[in-house]
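In: next comes the sequence, and after it the predicted model I'd like to discuss.
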Amino acid sequence: MPNQPATEIELLRAAYVSFNARDIDAVLSVMTPDVRWPRAFKGGFVRGPKEVRAYWTEQWSEIAGHVEPIAFNSEADGQILVEVHQVVRDLTGALLVDEYVGHRFTLAHGLIQAMEICPLSSSDLDAQCYPHDE
């Protein structure tokens, strides 16, 4: 498996910190203009910073999510699969989701170009991710 440069891992770590702080501008600044992002709680995907901003603004008006990266796994094709602990609460604080999932990132020119959500299992980290196809 290829080694990912430390700068790519640090970029992803910083993106999670900014996401959890609800600093949309900081996260968008590390994405390509054509970034593809899954609409995890709505289905489908959005493309480009403007659509990502609108999706997150809508999402945060309905739920409070926190994602904590646990491990970064370099993949043979250059992608990075991040194992995350995801906790989602409604706006009153009631727990909706507490799970571990995978976020598979594609980077281009030192920026995030795409993210997919992948189920994690102890037997297969190469499971089909969402959204796999457009």
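Out: Structure received. Nothing here was measured: the structure is a model prediction, and the numbers come from that model. Residues are numbered from 1 along each chain as shown.
In: quick check: residue 113 is in a strand.
Out: Yes. Residue 113: assigned to a strand according to DSSP: H, G, I helix; E, B strand; the rest coil.
In: give me the number of neighbouring residues for it.
Out: Residues lying near residue 113 (other CB atoms under 10 Å) number 16. (C-beta placed from N, C-alpha, C; glycine too.)
In: list the contacts of it.
Out: 31, 32, 34, 35, 36, 106, 107 (CB atoms under 8 Å, 6 or more residues apart in numbering).
In: again, 6 Å this time
Out: Shown in contact with residue 113 (CB atoms under 6 Å, 6 or more residues apart in numbering): 32, 106.
In: gap between it and residue 36?
Out: Residue 113 is 7 Å from residue 36, where distance means CB to CB, to the nearest Å.
In: quick one: secondary structure of the residue in the chain sticking out farthest from the centre?
Out: Ranking residues of the chain by C-alpha distance from their mean position (CA atoms, centre = their mean) puts residue 92 at the top, at 24.1 Å. Here residue 92 takes the coil state, with states given by three-state DSSP.
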